[in-house]
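[1] No sequence on hand, only this structure:
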């Protein structure tokens with residue numbers, strides 16, 4: 001299981017790539033779900049009303065099974081796939097790249113389209129601020145007040161983020177840990193008798 005993946009912080013500035021009269025406008029957006037895609041593309045259809053194609057690709061999550069590529073009327077696999085290829089080449093997720101094309105009067109051919117869409121997508125990511133996002137899961141820690149310092153020291157030493165805490169006579173703290181280590185960390189804490197832990201439902 002993967003603990004992290006790369007994504008972009010904010011939308012990139014519009015870039016323009018030209019080839020034999022055709023203009024390709026490229027954009028990259030951070031996204032959290034596929035439902036955002038149409039809302040991000042709609043304004044571009046107005047901005048570039050003369051564009052005959054608004055091709056795009058997106059990828060979500062750390063796995064390799066949640067993505068889409070759309071040619072929007074261009075020959076099959078000549079636009080969406082080259083755009084997706086740049087997302088994969090940069091090892092990005094939670095990202096959408098859109099390329100709006102205004103035809104310039106000269107046909108580029110399949111090879112020319114693939115090259116132009118690939119290059120535009122690449123340029124759209126040139127100035128993107130890329131960060132690594134860690135995927136976490138929760139572990140619930142149960143203890144009595146006298147064990148507070150021991151628990152907090154363990155949390156601090158491992159840089160775990162506290163998501164919830166209820167500190168009374170009997171205390172509960174929920175921490176975020178790397179998802180691939182959730183079971184192992186839960187078992188480690190559970191061995192710190194009389195402290196106990198569990199994976200929340």
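    Thanks, I have the structure now. This one's a predicted model, so the numbers in the text were calculated from it and none came from an experiment.

[2] Please count neighbours and contacts with C-alpha atoms only from this point.
    OK.

[3] Might you list the low-confidence residue ranges for the protein?
    Along the chain, the parts satisfying pLDDT under 70 run over 1.

[4] in it, which spans are strands?
    4-8, 15-19, 22-30, 53-59, 67-70, 95-102, 130-134, 136-144, 161-167, 170-178, 196-198 (DSSP state E).

[5] Can you add mean neighbour count and give these back as TSV?
    Output for the strands of the chain, formatted as TSV (neighbours: other C-alpha atoms under 10 Å):
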stretch	mean neighbour count
strand 4-8	20
strand 15-19	16
strand 22-30	23
strand 53-59	26
strand 67-70	18
strand 95-102	27
strand 130-134	14
strand 136-144	20
strand 161-167	13
strand 170-178	19
strand 196-198	19
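
[6] closest one to residue 112 among those?
    Proximity to residue 112 (C-alpha to C-alpha) singles out strand 15-19 among the strands of the chain, at 8.5 Å.

[7] what comes into contact with the longest helix anywhere in the chain?
    In the chain, assigned by DSSP state H, the helix with the most residues is helix 109-124. Under the contact criterion C-alpha atoms under 8 Å, 6 or more residues apart in numbering, helix 109-124 has outside partners 12-17, 19, 24-28, 75, 78-80, 82-83, 85-86, 97-99.

[8] if we go to 7 Å?
    12, 15, 17, 24, 26-28, 78-79, 82-83, 86, 97 (C-alpha atoms under 7 Å, 6 or more residues apart in numbering).

[9] wait, which of the residues you listed is closest to residue 184?
    Out of the contacts of helix 109-124, the member with the shortest distance to residue 184 (by C-alpha to C-alpha) is residue 86, at 35.6 Å.

[10] so what's residue 5 bridging to?
    residue 133 (DSSP bridges).

[11] That one against residue 63, yeah?
    No. Using C-alpha atoms under 7 Å, residue 5 makes no contact with residue 63, being 9.0 Å away.

[12] Just give me how far the longest helix of the chain sits from the chain centre.
    22 Å (C-alpha atoms, centre = their mean, to the nearest Å).
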